[in-house]
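**Q** Sequence and computational prediction follow.
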Amino acid sequence: MNMKRIEIIEFLKGYSIFTIIIFHFLQTFHFQNIVGKLISFGGTGVHLFILLSGFGLYYSHIHKPLSFVSFIQKRITKIYFPYIVIVLISALIALFIPIFKNSLYALGGHIFLYKMFDESIMGSYGYPLWFISMIIQFYITFNLIVLLKEKTGNKLFLITCFITSILWTILVIYLGKETVRVWNSFFVRYLWEFALGMVLASEFKRNGYKLNFNLKPIYYLLIGILNCGLYALLALKGGDIGKMTNDIPALIGYSSLAIWIYLIYNKTINGFFLYTGKISYSLYLIHTLTVSIVLYYFSNFQISISLIVALILTYILANLFQNGINFAYQKK
């Protein structure tokens, strides 16, 4: 197998998770001007991460297809259990310091997964955990999505998923639910990105596990800047509807910039993002809890110092947590 494929996937995972974390950290500054809106670009990493999830899951399916029950069991072990551990730790800490609002109903929403349908507790124990609810929706429907792909072929599959996502977006806008997370982040909205990742995985296998970048790095940079400009225009001038419809330039622009950074190859930068990719899930689970605790205890410090401390602690704790996950998974 071409190891470069593994490297670029790990790099992109690390790049996307890092920018998402920085985005969430910078949100604590509560910028009210255009800077605050520009910071939100870091959050577009979620689009790339969904694509990578589709890629990874379907690539695993190609090599070892699993039944629905076996697939869910594996996801429970690797994704659900670590997620619930962090939620329980967050709830326990919140009993002693008021970083989150505690309630048995909210805690049950995470454990029994009804949080994904109740906006009132969607942000409980860290608002970024909405992503876990959405990705679990993909896990539940993954075998059906695979069946659709295998029955239609890549082209029709991608078109069908894209149209489905567009229709869902139109429905959300029509109902006036653009700002309601259980609606605007229901998995169907991101189905086309997940499907694109699956198609890329099948094409990667068909091409003999070879990944070729046909453009020079400068062109990826230009494509990234152009699409990021379009994304920003829609986000800044289009209101909530613009934010709901700028996913395509967001994904293209963000991903192109990531590929450009990868291709110019700075050993230190690439190494950092590759390391980040290896602990990406733990970083995502832990970062909100960490920054909340740091800001609570370092409230008298300059916020930039607090955020640097939070970032360092996030990496240390995520590394330890990931090691624990790997140990438990190997034992199982």
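**A** Nice, thanks for sending it over.

**Q** And for Phe142, the neighbour number?
**A** Phe142 is flanked by 22 other residues according to other Cβ atoms under 10 Å. C-beta coordinates here come from the backbone N, C-alpha and C atoms, glycine included.

**Q** tell me the contacts of it?
**A** 57, 71 (Cβ atoms under 8 Å, 6 or more residues apart in numbering).

**Q** Pull out the buried positions in the helix or strand where it lies.
**A** In this structure, Phe142 is located in helix 130-152 according to DSSP states H and E. Using 16 or more other Cβ atoms under 10 Å as the burial criterion, the residues of helix 130-152 that qualify are 130-139, 142-143, 145-146, 148-149.

**Q** can you check stretch 312-323 too?
**A** Residues of stretch 312-323 classed as buried: 313-315, 317-319, 321-322 (neighbour count, 16+ other Cβ under 10 Å).

**Q** again with stretch 62-76
**A** 71-72, 75.

**Q** Closest one of the residues you listed to Lys210?
**A** Within the buried residues of stretch 62-76, the smallest distance to Lys210 is 27.7 Å, found for Phe71 (Cβ to Cβ).

**Q** Need the pLDDT of that closest one.
**A** pLDDT recorded at Phe71 is 97.

**Q** Which parts of the stretch 101-250 of the chain are helices?
**A** 104-111, 130-152, 154-174, 181-184, 191-206, 217-237, 239-244, 247-264 (DSSP state H, counting those that start in this stretch).

**Q** In terms of mean pLDDT, which of these ranks lowest?
**A** helix 239-244 - the lowest mean pLDDT of the helices of the stretch 101-250 of the chain, at a mean of 73.

**Q** which other residues reach that helix?
**A** 169, 172-173, 178-179, 184, 233-236.

**Q** Endpoints of stretch 101-118, how far apart?
**A** By Cα to Cα, to the nearest Å, the extent of stretch 101-118 from end to end equals 16 Å.

**Q** Begin at 565, not 1, for the rest of this chat.
**A** With 565 as the first residue, the last one maps to stretch 665-682.

**Q** in it, what counts as buried?
**A** The neighbour-count criterion (16+ other Cβ under 10 Å) identifies 666, 670-671, 673-674, 679-680 as the buried residues of stretch 665-682.

**Q** Show me how far stretch 615-627 is from its chain's centre.
**A** Averaging C-alpha coordinates over stretch 615-627 and over its chain gives two centres that are 15 Å apart (Cα atoms, centre = their mean, to the nearest Å).

**Q** Report the rounded mean pLDDT for that stretch.
**A** Confidence for stretch 615-627, expressed as mean pLDDT, is 95.

**Q** Contacts for that stretch next, please.
**A** Contacts of stretch 615-627 from elsewhere in the structure, counted by Cβ under 8 Å, 6+ apart, are 573, 576-577, 580, 699, 702, 706, 710, 713, 757-762, 764-766, 768-769, 815, 819.

**Q** Neighbours of Phe582, how many?
**A** Other residues near Phe582 come to 20 when the count uses other Cβ under 10 Å.

**Q** could you list every residue that touches Leu576?
**A** Contact partners of Leu576, counting by Cβ under 8 Å, 6+ apart, are 612, 616, 819, 822-823, 826, 841.

**Q** Now Phe750: phi and psi?
**A** phi -60, psi 140 (degrees, to the nearest 10).

**Q** For Lys895, see how far away it is.
**A** Using Cβ to Cβ, to the nearest Å, Phe750 is found at 35 Å from Lys895.

**Q** Could you check which of these two is surrounded by more residues?
**A** Phe750 (20 against 6).

**Q** isn't that one right up against Trp732?
**A** Yes: counting by Cβ atoms under 8 Å, Trp732 is a contact partner of Phe750 at 6.9 Å.

**Q** nearest to Ser846, of the buried residues of helix 694-716?
**A** Closest approach between the buried residues of helix 694-716 and Ser846, by Cβ to Cβ: Ile696, at 12.6 Å.

**Q** Name the helix or strand for the residue lying closest to that closest one once chain neighbours are set aside, please.
**A** Residue nearest to Ile696 in three dimensions, not counting chain neighbours: Tyr647, with 5.2 Å by Cβ to Cβ, 6 or more residues apart in numbering. Secondary-structure assignment from DSSP H and E places Tyr647 in helix 645-658.

**Q** name the helices or strands packed onto that helix?
**A** Using 3 or more Cβ pairs under 8 Å, 6 or more residues apart in numbering; DSSP states H and E as the contact criterion, the secondary-structure elements in contact with helix 645-658 are helix 668-675, helix 844-861, helix 867-895.

**Q** Who are the contact partners of Tyr644?
**A** Applying Cβ under 8 Å, 6+ apart, we find Tyr644 in contact with Ile700.
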